[in-house]
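Colleague: make a model of this:
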Amino acid sequence: MTCPLCATPDTPLITTAVPGGPADASADICGFCADQLGNPNPDHFRALASTMWSEDPAIQVLAARTLAQIAEPWANDLADQLYLDDDTRAWADNVPDQTDHKDSNGQPLVSGDTVVLIKDLPVKGAGFTAKRGTAVHKISLVQDNPAHIEGRVDGQRIVILTEFVKKR
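Modeller: This next block holds a predicted model:
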């Protein structure tokens, strides 16, 4: 498949969350693009001149955010040309704050992410064990403690240590 963000042909695509907009919004992009979303290599993203016109709002948002991070004249020109409807522009501008919350692999966590438990966890006071492999959707971050997140498991809202989860 061709990456809809960098236009690299015949590359495997991975589903990548696009936070700040609709719940569970994601885009299928190549692994190289996914790795570079926070610190883009300008040469890799030259194809944004054509891919930023995608009809997929998630790709439009990723293109707008990537162009904003590239400190090159061509990127600034493209960002000025990019037209987004009001909802998509609000999504692109709604960049989640960077937090110190990280999963067991060091991936940053943001509110609304889905994580998977990597270990059976006895839940104190609830009388059950949260099993390894359980997906916890729409997590919340505990603001004063980067080692804790909150989520629902078996209908119970529980606090989970970030060292026992991995981002999905």
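Colleague: now do the strands in this structure.
Modeller: Using DSSP state E, the strands of the chain run over residues 13-17, 26-30, 115-117, 121-123, 128-130, 135-136, 140-141, 148-153, 156-161, 165-167.
Colleague: helices and strands around the fifth one, which ones?
Modeller: It stands for strand 128-130. On a contact count with 3 or more C-beta pairs under 8 Å, 6 or more residues apart in numbering; DSSP states H and E, strand 128-130 meets strand 121-123, strand 156-161. C-betas here are computed from N, CA, C, even on glycine.
Colleague: can you pull the buried residues of the longest one?
Modeller: The neighbour-count check on strand 156-161 (16 or more other C-beta atoms under 10 Å) flags 158, 160 as buried.
Colleague: burial of Lys167, as a residue count?
Modeller: Burial of Lys167 is recorded as 19 neighbouring residues (other C-beta atoms under 10 Å).
Colleague: tell me the contacts of it?
Modeller: By C-beta atoms under 8 Å, 6 or more residues apart in numbering, the residues touching Lys167 are 103, 105, 107, 109, 113-115.
Colleague: quick check, Asp56 in contact with Leu5.
Modeller: No: the criterion here is C-beta atoms under 8 Å, and Asp56 misses it with Leu5 at 9.9 Å.
Colleague: more neighbours: these two, which one.
Modeller: More crowded of Asp56 and Leu5, by other C-beta under 10 Å: Leu5, with 30 against 15.
Colleague: that one contacts Ser50, correct?
Modeller: No: Leu5 lies out of contact with Ser50 (C-beta under 8 Å); the separation is 10.8 Å.
Colleague: give me the contacts around stretch 137-148.
Modeller: 23, 99-102, 109-115, 149-152, 159-163.
Colleague: still on that earlier bit, any idea which of the helices and strands packed on strand 128-130 gets closest to Ile70?
Modeller: For the helices and strands packed on strand 128-130, distance to Ile70 was read as C-beta to C-beta. The smallest value, 35.9 Å, belongs to strand 156-161.
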